[in-house]
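> Provide a 3D model corresponding to the input given below.
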Amino acid sequence: MSLRSEEVDTEGYAADTTPYEDWGSGFAAIHARAQSLISPLGADELTRAPRHDAWSVEQILEHLTISNSAYAASMTRAIDGSAHSSRSVSSSSKPWKPTLVGRLLRRSMDPSSTRKLPAPGRSRPGRSVAPGSLDRFVASNEQLARLLERAQVAHAANERFASPLAALIRLNVGDGFTICVAHSQRHLQQIERTISAVRSASPTL
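Take a look at the predicted model:
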């Protein structure tokens, strides 16, 4: 049965559902893609930036890890708070509705977007990154996947929290999952371009 246009929000999710399965599939695909892209790389391919003003693969991974971990911490507090809130069962079971700011952030991070976005200062990696950047990123992605399971049990997708990277911005937990999936997908595409550029500059790699 097809859905009428008014029953689908602009992100492509059915308006009467909360897309836990879509988010979970997103985290699983990110895990698989990161492993296949990055596990075969040598040390030089991980650490070399294609330009002086660009990040290396390990710096991109570190940026994602910092961002994922910050979102997970803020969302955890929101989910924990939902267990002690005075909301009715019917209210907590309402389908997720993205906030306006969350919707705009998701669009800005869409992997198909060509617009360059500056990373918030607190999520920027240092010039040097400790070994294990892939393992740390995978762990942060798995942390979000586990948090998703908790959010589904608690019906917490509409719980609000302050953005960990911009305190004046208020999001909900569903926004957070949507943003984290899109953010990782966008940067995995950046990693593909970075690997290609580094190999083109050093054909012997």
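> Mind giving me the packing neighbours of the longest helix anywhere in the chain?
Across the chain, the longest stretch assigned as helix under DSSP state H is helix 173-201. With contacts defined as 3 or more C-beta pairs under 8 Å, 6 or more residues apart in numbering; DSSP states H and E, the packing partners of helix 173-201 are helix 20-38, helix 43-47, helix 57-82, helix 100-108, helix 133-154. Quick note: C-beta positions are derived from backbone N, CA and C, even for glycine.
> nearest to residue 176, of these?
Among the helices and strands packed on helix 173-201, helix 57-82 comes nearest to residue 176, with 4.8 Å by C-beta to C-beta.
> Going by neighbour count, which residues of that closest one are buried?
Neighbour counts using 16 or more other C-beta atoms under 10 Å place 57-72, 74-76, 78-79, 82 of helix 57-82 among the buried residues.
> So which residue is dead centre in the chain?
residue 180 (1.6 Å; C-alpha atoms, centre = their mean).
> For it, list the residues it contacts.
The contact partners of residue 180, by C-beta atoms under 8 Å, 6 or more residues apart in numbering, come to 67-68, 71, 144.
> remind me which residues of the chain are low pLDDT?
The model of the chain has pLDDT under 70 over residues 1-16, 83-93, 203-205.
> 80 instead?
Along the chain, segments meeting pLDDT under 80 span 1-17, 83-93, 113-118, 202-205.
> Which residues are in contact with residue 150?
If you count contacts by C-beta under 8 Å, 6+ apart, then residue 150 has 79, 156 around it.
> ok, now how distant is it from residue 124?
To residue 124, residue 150 is 29 Å away according to C-beta to C-beta, to the nearest Å.
> Identify each buried residue in stretch 164-172, please.
Those would be 164-165, 169, 171-172, for stretch 164-172 by 16+ other C-beta under 10 Å.
> Closest to residue 117 out of those residues?
Nearest member of these to residue 117, counting by C-beta to C-beta, is residue 165, at 11.7 Å.
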